[in-house]
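*Asks:* Here is my input, please return the structure:
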Amino acid sequence: MSKLFLFPTVLEHKIIEKNTDQLKNNTIFVPSRDRGENLKRDYTSLTRFPRVKNIILEEFKNFAESLGYGRDFKISSSWFTSTQPGDDGSLHNHQNSFYSAIYYYDEYDENSGNILFENPCMRNLSLFVVPNKFDVSNSHSWSFDPEKRLLIFFPSYLFHKIGLNKSDKTRYSLAVNFIPSKGFGMQDSHINL
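*Replies:* Numbers count the residues shown, from 1 in each chain. You can find the predicted model right below:
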């Protein structure tokens, strides 16, 4: 008898070897906590960094192809986030996109605030049974600590949040959404872009 992981939620996390330090020149951020500030927000941020945009898009196309989806994808939105010391983010997902990414391009420490992903199956459970040992097949959530040049791809439906930044410096990251660049669906549910 063997285990079968049916309908898995597939993420990829990897360190990008190419230099992306130019992202440190960014000055427009979406704060992790909206305090009603009248801030300029840019959801096409990577258009100002075309070389890095191509690096991230190529990495996603390779990932999508490895899952059997081909390479016909484009970036639909991108924005820089800032999380001040003592702040965190709220649990959310990304509507109107297929996959999303978070990219850490700055310096971080163990207190910078992780990214936490919620197990989507937990919303459908009728009993809350705590396992003796948590692993990727039974955890209620999973987190990653920020690390310079760490890129994480995840399905856009996956709820996630920025953890509490306990460090004494602002935590910066880049968020990206991907959609098919051509049509998607099939038969009477096909949409031609």
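
*Asks:* low-confidence ranges in the protein?
*Replies:* 34-39 (pLDDT under 70).

*Asks:* repeat that for 80
*Replies:* 1, 3, 5, 32-40, 122-128, 193 (pLDDT under 80).

*Asks:* now the helices: where do they sit in it?
*Replies:* Under the criterion DSSP state H, the chain contains helices at 50-66.

*Asks:* what residue is smack in the middle of it?
*Replies:* Nearest to the mean C-alpha position of the chain, by Cα atoms, centre = their mean, lies A101 at 3.2 Å.

*Asks:* pretty sure that residue is touching F178, no?
*Replies:* Yes: with contacts counted by Cβ atoms under 8 Å, A101 reaches F178, the gap being 7.3 Å. Where C-beta positions appear, they are placed from N, C-alpha and C, glycine not excepted.

*Asks:* okay, and the common contacts of the two?
*Replies:* Common contacts of A101 and F178, defined by Cβ atoms under 8 Å, 6 or more residues apart in numbering, comprise F60.

*Asks:* Beta-bridge partners for the residue nearest to the centre of the chain, please?
*Replies:* F153, V176 (DSSP bridges).

*Asks:* List the contacts of the closest residue in space to G86 that isn't next to it in sequence.
*Replies:* In space, and not counting its chain neighbours, G86 is closest to N165: 6.7 Å by Cβ to Cβ, 6 or more residues apart in numbering. N165 makes contacts with T83, Q84, P85, G86, D87, D88, N111, S112, G113, R171, as judged by Cβ under 8 Å, 6+ apart.

*Asks:* Also I102?
*Replies:* I102 makes contact with I115, L151, I152, F154, S173, L174, A175, V176, according to Cβ under 8 Å, 6+ apart.

*Asks:* what about the fifth one, how many neighbours?
*Replies:* In terms of burial, S173 registers 26 neighbours under the definition other Cβ atoms under 10 Å.
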